[in-house]
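1. attaching a predicted model along with its sequence, questions to come.
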Amino acid sequence: MDVLNRIKRLAMDGAIRYTEKALGEMALDGLRPRDVAESILNAHAISKTIRSTSPNRRTHKELLYVIKSQNFSGASIYTKGKIDTEAGREYFYVLISAKIDDDVR
């Protein structure tokens, strides 16, 4: 199964976790977790895959996925996250999520 479909299935199952940073960014933009999940489900592709450079990450090979898509109301949303396992269950961890300024797209 490709990575985007894995992430979409996790979103459909409610298996999304948000960092405090992501929740703060979402609040500033008036986004709810539902908006982020909707944008993930509407995504046609992963915009970019990058390797984490943070020294706080478990491994240097940790992949981060950038998704740019719209929620069901048409708001463009930028989300960066990773797939990880907690207590034997897979989750998509949202590290950053915010509205995309229409002038920047």
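-> Good, I have the coordinates.

2. list the contacts of the nearest residue to His44 once chain neighbours are set aside.
-> In space, and not counting its chain neighbours, His44 is closest to Ser69: 7.3 Å by C-beta to C-beta, 6 or more residues apart in numbering. Heads up, the C-betas are built off the backbone N, CA and C, glycines and all. Contacts for Ser69 (C-beta atoms under 8 Å, 6 or more residues apart in numbering) come out as 39-40, 42-44, 76-77, 79.

3. got the confidence number for Ser69?
-> Taken from the predicted model, the pLDDT recorded for Ser69 is 97.

4. figure out the helix or strand that it lives in.
-> Element membership of Ser69, judged by DSSP states H and E, is strand 63-70.

5. neighbours around His44, how many?
-> Around His44 sit 9 other residues, with neighbours defined as other C-beta atoms under 10 Å.

6. tell me the SS of it?
-> Recorded secondary structure, His44: coil (DSSP: H, G, I helix; E, B strand; the rest coil).

7. closest to Asp13 out of the contacts of Ser69?
-> Distance to Asp13, by C-beta to C-beta, is smallest for Ile40 among those, at 11.8 Å.
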